[in-house]
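**Student:** Structure for this input, please:
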Amino acid sequence: MAASVVSPPRKIVVVDDDGANAELLRMLLEMDGHTVLTVESVKSALEAITADVSAFIIDYHLIGQHTGMRLLEAIRAGETPAASNAVVLITSGDMRWREAVLLAGADDFLLKPFRPRHLSTTLNNLLSRD
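**Tutor:** Have a look, this model is predicted:
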């Protein structure tokens, strides 16, 4: 595994309709020094996104009308206040979505369950690109 690059603290939005997952991600990211906002739907995310968001961790399978793919598409199309090149990680327990989300512009795909260190390393390496 490549060495993790330490990035300065950033604002991260976690989109996951499972409260326990969202809380765990929030705690892990805050331990890395990031400010974290958790929301449970695409609609809530679209309402909460601000220009200072550096990255998103989005669960592919969300309850409601839209999957995490819809939010990814909105970010990449510049339909949110966040930069269209903000880091986007999509998570899922189903590996079949990997190719589709990467083709749609996700920076990476994490298969659940993933190790906390893998999340930190991946996110920090992606955030250090700019």
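**Student:** quick one: secondary structure of the residue found closest to residue 9 once you drop the neighbours it is linked to in the chain?
**Tutor:** Excluding the flanking residues, the one nearest residue 9 by C-beta to C-beta, 6 or more residues apart in numbering is residue 33, at 4.1 Å. Heads up, the C-betas are built off the backbone N, CA and C, glycines and all. On the three-state scheme (DSSP: H, G, I helix; E, B strand; the rest coil), residue 33 is labelled coil.
**Student:** does residue 33 really touch residue 12, like I thought?
**Tutor:** No - applying C-beta atoms under 8 Å as the test, residue 33 and residue 12 come out as separate, 10.5 Å apart.
**Student:** Residue 62: how many residues sit nearby?
**Tutor:** 24 (other C-beta atoms under 10 Å).
**Student:** er, residue 86 actually
**Tutor:** The number of residues packed near residue 86 is 23, by other C-beta under 10 Å.
**Student:** so what pLDDT did it get?
**Tutor:** We have a pLDDT of 94 for residue 86.
**Student:** which stretch of helix or strand covers the residue positioned nearest the centre of the chain?
**Tutor:** The residue lying closest to the centre of the chain (C-alpha atoms, centre = their mean) is residue 57, at 1.3 Å. Residue 57 is located in strand 53-59, with elements delineated by DSSP states H and E.
**Student:** so after the helix or strand harbouring residue 20, what's the next helix or strand?
**Tutor:** Secondary structure assignment for residue 20, by DSSP H and E: helix 19-31. Counting by DSSP H and E, the next helix or strand C-terminal to helix 19-31 is strand 35-39.
**Student:** a helix runs through residue 46, doesn't it?
**Tutor:** Yes - the assignment for residue 46 by three-state DSSP puts it in a helix.
**Student:** how about the strands of this protein, start to end?
**Tutor:** When assigned using DSSP state E, the strands of the chain occupy the ranges 11-15, 35-39, 53-59, 87-92, 108-111.
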